[in-house]
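In: Give me the fold of what follows.
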Amino acid sequence: MGTREINNIVMVKVMKNICMNVLYLLIFFFLLGGCSTFYSRLNENDLEIFRFHQKYPLRVAVIGADIKVEFINRKQNMENRTQYFFLPETCKDFFPRVFTQVDFLFWPKIPDMDKYDLVIRLIPQRAIDLSPKEKDPAKVGLKINIEFIKKNGEKIIDENKYYTGIGFYNSRGGCKYEIDTRYEIATKNIVRKIFSELGEYLTHPNPIDDYVKVLASSKQKELEKQTLPAILTTTLYYSDKNSILPNNTIDAAEQSTIKATVTNSGKGTAFDVNLITESKYKNIDFPETIPIGDIQPGESKDITIPINADLSLASGTASFLINAREKRGYDARPVELQISAAQLRSPELLFASCNINFRSWRYTCWRNACVGTREPGRF
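Out: Below is the predicted model of the structure:
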């Protein structure tokens, strides 16, 4: 076989491949002419409502399906056409601004309810062509089912909504592109209405706020069950260094403090710890309960207990019983602190001496006694 025959065979194969590719493209555009696919991206104006929104700390599964729009071409030389709008793509613009973690699933996939805190389903029904005439703006009606499902299967939202959208296009040719564009605009307007209503609903406050609180409490309880025990110890000392006369004594009308340090030496977190102070000594004011919060393993927290003594405080020994109590019962051993108390000593006032000169008599007072003498030459 000569070089010319080989070149001819190669050229035939190349032309064959080119013809097949052209045929595939023609088939593709033919199919595209009967079915178009769009998705509606939300713009910043549509999402303005979430600018200051605090995201819900939930893991959410969003299940969506395409919007199928079948519209009738009223010209005899044009067949009926179908458009699909990717609603799940629009969900990707919207829900990550509302929730901290979002997974997107395509209908009819069923998510694992134990895996998610909330499941959202947006399932559109077939859209209806409501356009009266070929030359008029496209009008589309859509019925959609919206569900927000809790972890336990209870529904926060379960509504069937109906929306309409209108699409205009400036061209007067009536071509396929013009029709596609009109219906695309009409359906995009519907999508924006759907998410605009959802945005108004999902801004605070709404029923999801209460669900978040319940869910957080449930997760906290589950965490507490799985956490190892805590071991709490409390150390105390009294201080009146900021008083006028520091003397390590609770003086009447004095403000002082008891300093407490609570340490968790266990392997588990101490949850919702409160410092409880008790004393039966009269005329002393102090907070009976001071919240400390959670104490991690190996962590210590310092607490100040203000002590305010009344003017009527009596001398003696004030006894304080102080205990750090943990939510699950891993309390610290109560510690007793005894502090001397001193009453207010009233001063004794008396006359040391005084002289009174009244006409001819002079009065001299000394130690509460007064003696009067008459001066010579005076009457």
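
In: quick one: low-confidence ranges for the stretch 151-300 of the chain?
Out: Across the stretch 151-300 of the chain, residues meeting the criterion (pLDDT under 70) sit at 169-180.

In: Just the helices from it, written as ranges.
Out: For the stretch 151-300 of the chain, the helices defined by DSSP state H, counting those that start in this stretch occupy 176-202, 207-226.

In: Throw those helices into TSV and include distance to Ile166, thanks.
Out: Using the backbone N, CA and C atoms, a C-beta is placed for each residue, glycine as well. Output for the helices of the stretch 151-300 of the chain, formatted as TSV (distance: least, C-beta to C-beta, whole Å):
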stretch	distance to Ile166
helix 176-202	6
helix 207-226	32
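
In: winner for burial among the ones you listed?
Out: Comparing these by mean neighbour count (mean count of other C-beta atoms under 10 Å), helix 176-202 comes out on top with a mean of 20.

In: Please name every helix or strand in contact with that helix.
Out: Contact partners of helix 176-202 among helices and strands, from 3 or more C-beta pairs under 8 Å, 6 or more residues apart in numbering; DSSP states H and E: strand 35-38, strand 67-71, strand 81-85, helix 87-94, strand 138-150, strand 155-167.

In: ranking these by mean pLDDT, which is last?
Out: If those are sorted by mean pLDDT, strand 35-38 sits at the bottom with a mean of 48.

In: List the neighbouring strands of the very next helix or strand once past that strand plus their orientation.
Out: The C-terminal neighbour of strand 35-38 among helices and strands, as given by DSSP states H and E, is strand 56-64. According to DSSP bridges, strand 56-64 has the following sheet partners: strand 99-106 (parallel), strand 118-124 (parallel).

In: Let me know which of those strands is tucked in deepest.
Out: Counting by mean count of other C-beta under 10 Å, the most buried of those turns out to be strand 118-124, with a mean of 22.

In: Alpha carbons of that one, in CSV - could you do that?
Out: The C-alpha trace of strand 118-124 is given here as CSV (Å, rounded to 0.1, in the frame of the first residue of the first chain):
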residue,chain,number,x,y,z
LEU,A,118,-33.7,19.9,60.8
VAL,A,119,-34.8,18.7,57.3
ILE,A,120,-36.2,21.2,54.9
ARG,A,121,-38.2,20.1,51.8
LEU,A,122,-39.1,22.3,48.9
ILE,A,123,-41.1,20.1,46.5
PRO,A,124,-42.7,22.0,43.6
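
In: neighbouring contacts of it?
Out: The contact list for strand 118-124, computed with C-beta atoms under 8 Å, 6 or more residues apart in numbering, reads 58-68, 87, 91, 95, 99, 107, 111, 113, 142-151, 156, 194, 208, 211.

In: For Asp46, which non-adjacent residue is closest in space?
Out: Arg192 (5.7 Å; C-beta to C-beta, 6 or more residues apart in numbering).

In: Wait, the one you found touches Leu42, no?
Out: Yes - counting by C-beta atoms under 8 Å, Arg192 does reach Leu42; the two are 6.9 Å apart.
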